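Trainee: When you get a sec, could you give me coordinates for this:
(one chain, ligands or ions: 1)
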Amino acid sequence: MTLFQTVKEAVSTRQAAGRYGVQVGKGGMACCPFHPDKTPSMKVDSRFHCFGCGADGDVIAFTAKLFGLRPVEAARKLAADFAVPFSEKERGQPRRFSTKKRETPRVSPEERYRLAEARCFRTLCRYFHLLEDWEREFAPKNPDEPLHPRFLEAVQKKDAVSHQLEVLQCGSVAEKAPLVADCVKEVVHLERKFPELAGGDPAMDWGSH
Ligand SMILES: [Zn+2]
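Mentor: The predicted structure is shown next:
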């Protein structure tokens, strides 16, 4: 069995969610960590599916998305955190994990890109929901009322943000890479302006470009 199969058989998304701080309630429903979710709209069992933002996948995808990891890194993390025995023969050398102390990996440009992509997706997703709220909350009540700046921002930005999210979710690497490069500045600006969009994520080094 491959590492992926071994991990998927040993650990359910529900177990991983619990371990990684996502509270799972009755019937396996949880507040989705991938969009601003006030009522639990994510179903978590062996896999996960969010009825709010459409996030969907297996335990490895869940962990990868949650921590901004590549699938293989997420699988290794799960194996380590749940003490799942496995061997990676193709690597030629056994890997050992200790839950107490892990080496801090060097951040390669590739890795930096992946983290940036995950961060752009999360923040833009939250921003999109904020715009939706504003469009409702600050809509003019009568034709004479001057337009609220937040209502204007919602109307002006919603389509663009929705398009960015679509590319990030479904686009090819060739489509996503230039978008992420463009988005990074915007996302940093958004997180400064609206700290709730960063959602208490640890501070992140975006690099100098
Ligand atoms: Zn969601």
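Trainee: For the residue of the chain positioned farthest from its centre, give its distance to the ion.
Mentor: Distance from the C-alpha centroid of the chain, by C-alpha atoms, centre = their mean, peaks at Asp144 (41.2 Å). Between Asp144 and the ion the computed distance is 38 Å (C-beta to the ion, to the nearest Å). C-beta coordinates here come from the backbone N, C-alpha and C atoms, glycine included.
Trainee: helices or strands up against the lowest-mean-pLDDT helix or strand in the chain?
Mentor: Of all helical and strand segments in the chain, the minimum by mean pLDDT, DSSP states H and E falls on helix 195-198, at a mean of 77. Counting contacts by 3 or more C-beta pairs under 8 Å, 6 or more residues apart in numbering; DSSP states H and E, helix 195-198 is packed against helix 109-137, helix 173-193.
Trainee: for these, which one ends up most surrounded?
Mentor: Among the helices and strands packed on helix 195-198, ranked by average contacts under mean count of other C-beta atoms under 10 Å, first place goes to helix 109-137 (a mean of 18).
Trainee: Extract the residue ranges of this structure that are flagged as low pLDDT.
Mentor: 88-106, 199-209 (pLDDT under 70).
Trainee: So which residues of it form helices?
Mentor: In the chain, the helices defined using DSSP state H lie at 3-10, 13-19, 59-67, 71-81, 109-137, 149-170, 173-193, 195-198.
Trainee: Need the CA coordinates for the last one. CSV is fine.
Mentor: What it means is helix 195-198. Only the C-alpha atoms of helix 195-198 are listed here, as CSV (Å, rounded to 0.1, in the frame of the first residue of the first chain):
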residue,chain,number,x,y,z
PRO,A,195,-7.6,41.6,10.6
GLU,A,196,-10.6,39.2,10.9
LEU,A,197,-9.7,38.0,7.4
ALA,A,198,-6.4,36.6,8.6
